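Student: Quick one, structure for this:
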Amino acid sequence: MPGGRLTQQERQQIALGLADGHAYAEIARRLDRPTSTITREVMRNGGPTGYRADLAHRATEHRAHRRRQSAPRGPGASALPYGRDPQAMREYEEVFTTVMMASGAPKMMSRVLACLYITDEGSLTAAELVERLQVSPASVSKAITFLESQGLVRRDRDERRRERYAVDNDVMYQSVIASAESTAQLAATARAGVTPLGYGTPAAVRLENMARFLDFVSESITRAADQARDVLHAQAAAPSRPAAGDSE
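Tutor: Down below sits the predicted model:
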């Protein structure tokens, strides 16, 4: 199995495979690469619908150059906790951000949320976000305002009275419940259109069926979130080891 980074020719084969509708596993088999390598490559470079081989190759070279410039040197260089690999962490953060963008979240909001989720504390100050993401305070402020309006982050104050932006178990639970409530509101709005459209008309039937469907989805999400809430508070288990060769 070939090792090292993907070549430009391999990236072109990935793009062709995606265009032909092949699954990641099939593309990986043809290139004799781990499926995880193909998945990470695609998700950090635009996703299955936005992947472009030339752009992906240039982006990878740019990231590698940036890492060389920012890599700490010397015995005084700070190490990440728990023996984490800095490059693996950067790559995972990029994948996490790209997946959230693919779900519809704006880029800066996705970057801030990913940054918060991969911290052990689950919270950072605005200044810490600015330093970690290398963006302006205004960009962080705008992102936090959006995320807070969506119930995806919470504002706290630490012992020094500084505002901290947090993601935790309660935030995740409340975000899912808010999504269910939004779905229920859409169902109610659809049902309200039945009377003015006239019972039994094609448009009224369509809206009534839509309302019934959304009611079922909303109730199912709420019920599942309540039943699974304890999972969010489970103690951390020992991580499973990845299979041999399951890395780029």
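Student: residue ranges with poor pLDDT in this protein?
Tutor: Scanning the chain for pLDDT under 70 picks out the ranges 1-3, 63-79, 236-248.
Student: change it to 50
Tutor: Within the chain, the set of residues satisfying pLDDT under 50 comprises 1, 73-77, 244-248.
Student: where exactly do the helices run in it?
Tutor: Here the chain has its helices, by DSSP state H, at 8-19, 24-31, 35-43, 47-50, 53-70, 86-102, 107-117, 126-133, 137-149, 169-192, 194-197, 202-228.
Student: May I have the distance across stretch 44-52, first residue to last?
Tutor: Counting by Cα to Cα, to the nearest Å, you get 11 Å between the two ends of stretch 44-52.
Student: whoops, I mixed them up, stretch 128-147
Tutor: First-to-last residue span, stretch 128-147, Cα to Cα: 17 Å.
Student: tell me the centre residue of this structure?
Tutor: When the chain is reduced to its mean C-alpha position, the nearest residue by Cα atoms, centre = their mean turns out to be Met100, at 3.2 Å.
Student: With adjacent residues omitted, what lies nearest to that one?
Tutor: Once flanking residues are discounted, Met100 sits nearest to Ser110: 3.9 Å by Cβ to Cβ, 6 or more residues apart in numbering. Where C-beta positions appear, they are placed from N, C-alpha and C, glycine not excepted.
Student: give me the number of residues near the one you found?
Tutor: 21 (other Cβ atoms under 10 Å).
Student: ok, it to Arg223 distance?
Tutor: Using Cβ to Cβ, to the nearest Å, Ser110 is found at 29 Å from Arg223.
Student: what number of residues lie near the spatially closest residue to Pro48 that is not a sequence neighbour?
Tutor: Using Cβ to Cβ, 6+ apart and skipping the chain neighbours, the partner closest in space to Pro48 is Leu18 (5.5 Å). Look at Leu18: counted by other Cβ under 10 Å, it has 21 neighbours.
Student: Correct me if wrong: Leu18 contacts Ile27.
Tutor: Yes - using Cβ atoms under 8 Å, Leu18 makes contact with Ile27 at a distance of 7.3 Å.
Student: shared neighbours of these two, which are they?
Tutor: Both Leu18 and Ile27 lack any common contact, where contact means Cβ atoms under 8 Å, 6 or more residues apart in numbering.
Student: The chain - how does it break down into domains?
Tutor: 8-61, 85-166, 169-233 (automatic domain parsing).
Student: Span of the shortest one from start to end?
Tutor: By Cα to Cα, the extent of domain 8-61 from end to end equals 11 Å.
Student: same question, stretch 19-32
Tutor: First residue to last in stretch 19-32 (Cα to Cα) measures 19 Å.
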